[in-house]
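Q: got a structure for you, letters missing:
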């Protein structure tokens, strides 16, 4: 499986993702992940087809050091509509943590099926699997210090697989899957801190989600 992971914005350094993935070890056997940061000047539609899954884990910023818009009509070669075409052609997409961003008018929120509302100060968040989806095989509930996302504007066809709760925030949708054309799309909200990436249940959840998006399970 070949995965393109897009990371790095003003509030979410790519280094967290890079170091986090480095700790997965044998869990990533058979999964080749290529991480890019300045997606605006790297990606183009034909390039996407080289990958089985695309993960977006960043806001609409060019990079960690440049908060200018990534999605800019006429400048950005791959817009949200191109990601949707990619998925509908039979590929997979994961909207991960910061990738679930406020609706900025680019069409990204409509594509992934949610938009960001707010999160309280970092706190202990409990993530609980919902249902019996293939993504949840071997995954138990886990509690980590994280940003407890409140999302809204959900797509009607979402299949909720993960919920979250904390002392600072009511129960929220923290993960779902969707079928889109011939492809698959998933959303996961956890993942801000390095300590989240070290949690064994989170690691299993993330790997399973990548496999589901690539049609390797489920």
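A: Received, thanks. Just so it is clear, the model here is predicted, and its values are computed rather than measured. Residues are numbered from 1 along each chain as shown.

Q: Any chance of the backbone angles for residue 54?
A: The phi and psi values for residue 54, taken as degrees, to the nearest 10, are phi -110, psi 130.

Q: check contacts around it.
A: Applying CB atoms under 8 Å, 6 or more residues apart in numbering, we find residue 54 in contact with 3, 4, 6, 48, 83, 86, 91, 92, 93, 94. C-beta coordinates here come from the backbone N, C-alpha and C atoms, glycine included.

Q: Inside helices: which ones of those?
A: 48, 83, 86 (DSSP state H).

Q: of all the contacts of residue 54, which comes closest to residue 168?
A: Minimum distance to residue 168 across the contacts of residue 54 is 25.9 Å, recorded for residue 94 (CB to CB).

Q: ok, the closest residue to the closest one other than its chain neighbours to residue 2 distance?
A: Nearest residue to residue 94, sequence neighbours excluded (CB to CB, 6 or more residues apart in numbering): residue 55, at 4.4 Å. Distance of residue 55 to residue 2, computed by CB to CB, to the nearest Å: 12 Å.

Q: neighbour count winner among these two?
A: Legend: neighbour count by other CB atoms under 10 Å for residue 55 and residue 2, higher for residue 55 (27 against 12).

Q: Tell me how many other residues surround the nearest residue to residue 175 once chain neighbours are set aside.
A: Once flanking residues are discounted, residue 175 sits nearest to residue 162: 3.0 Å by CB to CB, 6+ apart. Residue 162 sits with 27 neighbouring residues when counted by other CB under 10 Å.

Q: can you check residue 32 too?
A: Other residues close to residue 32 by other CB under 10 Å number 11.

Q: Where is the longest helix in this structure?
A: helix 200-213.

Q: which parts of that one are buried?
A: By neighbour count with 16 or more other CB atoms under 10 Å, helix 200-213 contains the buried residues 201-213.

Q: Please, where are all the strands along this protein?
A: Under the criterion DSSP state E, the chain carries strands at the ranges 2-6, 32-36, 53-56, 92-96, 115-118, 123-129, 142-146, 150-152, 159-166, 169-180, 183-188.
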